[in-house]
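1. Pasting the sequence and the predicted coordinates here, then a few questions.
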Amino acid sequence: MSSTTPPIPSTVAPDVPAAPSPPLVGDDAHAGGGSDRGWLRQSAPTAAIVLLLAGLALWSHLIGWRVPKFSALLGGSQNADQDWCTEHNVAESQCIDCNPNLVPAQKDFGFCKVHGVPQCPLEHPEVAQLAGPPKITQSDRDHVGAALAIRPRPVNSEPCKLHEKRVQFASDAAAAKVGVDIAVVRQLPIVETIRAPAEIIYNDTATAHLASRVQGSIWRIERQVGQPVRRGEILALVDAADVGRAKAELLQAISQARLDDANVGRLRGLSDDGIIAGRRLQEAEAAAQQAKIRVLAAAQALENLGLSVPLETWTEAPLERIAAEVRYLGIPPDLAAEAMQQGAGTSLLPVRSPLNGVVVEHHATQGELVNPATPLFVVTDLERMWILLDVREEDAKRVSLGQKVLVQPNDDAEEPELSGSLTWIASSADPQTRTIKVRVEIANPGEPLRAHTFGTGRIVLREEPRAMVVPNEAIHWEGCCHIVFVRDKNYQKEGAPKFYHVRKVRLGVRENDHTEILAGLLPGEVIASKNSFVLEAQLLKSGLGPGCGCAHGH
């Protein structure tokens, strides 16, 4: 490499051609000799600049001033110019590229096809720029292999030899002068996820849509929207003629059954004495059996309406008592007393909540005619909500039941993420959005979530408690490879060359201001971070020329 001092660029500007005069318009077009004066006005500034530069050049020649060389800008001295490598911007006697014996190149271990980087530290830890030999276990390699298999990762060009390059500074002060700062490869928790828009909805398995079981009219409303209810509580009372008829049929059946039982008892005594034929007794017993069946049928009709009939407690009860209990069957005593005071009939049917929850919809009006097709209330358990995610088709193949999901409601970063698991994956794509819907069940203590609001869901693919990470600004894309500049382990030793190794890396998850490195680095290595583009610029300068066909001629 020649050490000849580069020629000093002339400080005298070349002749500057005069700018063309603008076309004359308006009055100037007819001014006659005024065009000469316009030319002088336009040429005067250019002439003044030329004269000023000529004067500056003459003054510089008289005092012996010269333009400083690039070596001086990078921390060198004028005396060092005679021993200066202009290609690598260091003293040629100290240039590790021009003098390979100063720092021999590392052994070439080739391209690691498993991890996708050359000189792979996971397979060949000796390439790491650490004070001591690192310990790499098979578990470490397997962990990285599993991460690489989860989803496609950016790849590096195998033919490219960029990793054989090194970038050297004239001194540590020179690196500091251009603002290059360092960072250490750290280990931080990383969560790799698939993001998808989310919509919060009610849990269908904990939501009840309630209507009257028979046709009737609303006699009274007991609960309004927003009010909490317990299982079995009455939401409304419906006055239904079918209920009154069913109660009357039950009382008639009970009365007839008791009469038939008494007749069987009387005839059995007469039959034993031979006063009547046995056939009459058999007919009476058959009639009594049919009466009991009618009692059961009438009781079942009321059960079907949601009214529980305690037949076992009425076996010896007087018919008058049974009639009183049947009158307001299924209605609490305090409410039954109030209904009696208001003259309500025997045909009241309660509409009850089948679960603990909150009334979220209310469509009932007192006195309104209703039927089984008329929705009256919607009750849901707000402590268990569903969240629907719209997952892109290309991501759906990485989704499976039971995966952990993190949900950020309303995209409010100040609110903590909620955690749940996937319970359902749609078997078809949405025809409009071409996304796959998946469902998450989320606990909602305190009921902060609101149905039909939106947020962001993150389906967790893996959680890495100790992932290798570097600042985003430390990573550079060179057209065919991602690279990081790794400081030589002897950098801080006195008299040691100040240089960085070019290391190809395999990227993982990018989060905020840092990126996960799956392969190519080891924890503890020192890398160039802030203003590392200075090293990239020097790499570009020294790499100009024919190469492997990658960007920048590498």
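-> That came in fine, so what should we check first?
2. what about the helices in the protein?
-> 34-63, 70-73, 138-150, 172-177, 241-272, 278-304, 319-327, 333-341, 393-396, 533-542 (DSSP state H).
3. Let me see the mean pLDDT of the first one.
-> Spelled out, that is helix 34-63. In this model, helix 34-63 has a mean pLDDT of 52.
4. which residues does Leu259 contact?
-> Ala291 (C-beta atoms under 8 Å, 6 or more residues apart in numbering). Heads up, the C-betas are built off the backbone N, CA and C, glycines and all.
5. Could you report the pLDDT at it?
-> 91.
6. tally of neighbours for Ala257?
-> Neighbour count of Ala257, defined by other C-beta atoms under 10 Å: 20.
7. Can you give me the distance of it to Ala301?
-> Counting by C-beta to C-beta, to the nearest Å, the separation of Ala257 from Ala301 is 16 Å.
8. Help me confirm that Glu126 comes into contact with Gly132.
-> No: taking C-beta atoms under 8 Å as the definition, Glu126 is not a contact partner of Gly132, at 11.2 Å.
9. Tell me which of the two has more neighbours.
-> Comparing Glu126 with Gly132 by other C-beta under 10 Å, the one with more neighbours is Glu126, at 12 against 8.
10. and the helices of the chain as CSV, adding distance to Leu406?
-> CSV is the format used below for the helices of the chain (distance: least, C-beta to C-beta, whole Å):
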stretch, distance to Leu406
helix 34-63, 65
helix 70-73, 50
helix 138-150, 17
helix 172-177, 41
helix 241-272, 51
helix 278-304, 46
helix 319-327, 55
helix 333-341, 47
helix 393-396, 15
helix 533-542, 35
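11. Nearest to Arg220, out of these?
-> For these, the distance to Arg220 is smallest for helix 333-341, at 8.1 Å, taking C-beta to C-beta.
12. Tell me how far the closest one lies from the chain's centre.
-> The chain centroid and the centroid of helix 333-341 are separated by 55 Å, computed with C-alpha atoms, centre = their mean, to the nearest Å.
13. List the buried residues in it.
-> 335-336, 339 (16 or more other C-beta atoms under 10 Å).
14. Lowest average confidence across the helices of the chain, which one?
-> Across the helices of the chain, helix 70-73 gives the lowest mean pLDDT, at a mean of 44.
15. the bottom helix or strand of the chain by mean pLDDT?
-> helix 70-73 (a mean of 44; mean pLDDT, DSSP states H and E).
16. Just list whatever residues bridge to the residue most central in space within the chain.
-> Residue closest to the mean C-alpha point of the chain, counted by C-alpha atoms, centre = their mean, is Arg458 at 2.7 Å. According to DSSP bridges, the residues that bridge with Arg458 are Arg195, Leu406.
17. Quick check: it touching Leu406?
-> Yes: with contact defined as C-beta under 8 Å, Arg458 reaches Leu406; the gap is 4.5 Å.
18. Overlap in contacts, these two.
-> Joint contacts of Arg458 and Leu406 (C-beta under 8 Å, 6+ apart) are 191, 193, 417.
19. which residue packs closest to Gln224, ignoring adjacent ones?
-> His362 (6.1 Å; C-beta to C-beta, 6 or more residues apart in numbering).
20. Mind picking the one among the buried residues of helix 333-341 that's closest to Ala297?
-> Among these, and counting by C-beta to C-beta, the member closest to Ala297 is Ala336, at 25.3 Å.
21. Run a quick neighbour tally on the residue lying closest to the closest one once chain neighbours are set aside.
-> Nearest non-adjacent residue to Ala336, counting by C-beta to C-beta, 6+ apart: Tyr328, 3.7 Å away. Neighbours of Tyr328 under the rule other C-beta under 10 Å: 21.
22. pLDDT value on Tyr328, please?
-> Residue-level pLDDT assigned to Tyr328 equals 90.
23. List the contacts of it.
-> 336, 339-340, 346, 348.
24. mind running it again at 7 Å?
-> 336, 339, 348 (C-beta atoms under 7 Å, 6 or more residues apart in numbering).
25. do you know how far the first one is from Glu249?
-> Between Ala336 and Glu249 the distance is 21 Å, computed by C-beta to C-beta.
26. And the last one, by the same measure?
-> Leu348 sits 17 Å away from Glu249 when distances are taken as C-beta to C-beta.
27. neighbour-wise, which of the two wins?
-> Leu348 (24 against 17).
28. what's the distance between the more buried one and Lys530?
-> From Leu348 over to Lys530 (counting by C-beta to C-beta), the distance is 79 Å.
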